[in-house]
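Peer 1: Sharing a model prediction with you, sequence too.
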Amino acid sequence: LLTYFKYPEGIRKLIYTTNVMENFNRQLRKVTKNKTIFPNDYTLQKSLYLAMVYASSKWTSRISGWDQILSQLSIFFEGRF
């Protein structure tokens, strides 16, 4: 927990926020929940791929203060980022 609080607020928010991943997983679950039986693995793979393409088309918003967060990340993780 102390490691979490050593980062600035912007990085902490970025680490803690999981709404994007939860939304993405919900989109994939909708595909597999609505149709429980697939004829073969390829049709399941194709359905999930199309759901991923559809979900990623909605990702147009940018994280607020991203430029500052990016510079803070480059300071904290110098050489790894």
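Peer 2: Received the coordinates, thanks.

Peer 1: only C-alpha atoms for contact and neighbour calcs from this point on.
Peer 2: OK.

Peer 1: Which positions in the helix or strand containing Leu70 come out as buried?
Peer 2: Using DSSP states H and E, Leu70 sits within helix 66-76. For helix 66-76, a neighbour-count test (16 or more other Cα atoms under 10 Å) marks Ile69, Gln72, Leu73 as buried.

Peer 1: so which of these comes closest to Ala51?
Peer 2: Ile69 (29.8 Å; Cα to Cα).

Peer 1: can you pull the pLDDT of that closest one?
Peer 2: Here, the pLDDT recorded for Ile69 equals 87.

Peer 1: quick one: least confident helix or strand in the chain?
Peer 2: helix 9-16 (a mean of 82; mean pLDDT, DSSP states H and E).

Peer 1: And it, what does it pack against?
Peer 2: Under the contact criterion of 3 or more Cα pairs under 8 Å, 6 or more residues apart in numbering; DSSP states H and E, helix 9-16 touches helix 66-76.

Peer 1: okay, the angle between the helix it packs on and helix 9-16?
Peer 2: Angle, helix 66-76 to helix 9-16, by axes from the mean of the first three to the mean of the last three Cα atoms, to 10 degrees: 90 degrees.

Peer 1: Checking the residue nearest the centre of the chain next. Helix, strand or coil?
Peer 2: Centrality entry for the chain: nearest residue to the mean C-alpha point is Met21, 4.0 Å, by Cα atoms, centre = their mean. In three-state terms, and counting by DSSP: H, G, I helix; E, B strand; the rest coil, Met21 is helix.

Peer 1: For Gln27, see how far away it is.
Peer 2: Distance of Met21 to Gln27, computed by Cα to Cα, to the nearest Å: 10 Å.

Peer 1: Low-confidence bits of this structure, can you list those?
Peer 2: Residue ranges of the chain with pLDDT under 70: 81.

Peer 1: Once you drop chain neighbours, what's closest to Leu44?
Peer 2: Leaving aside its sequence neighbours, Leu44 sits nearest to Phe38 (Cα to Cα, 6 or more residues apart in numbering; 6.1 Å).
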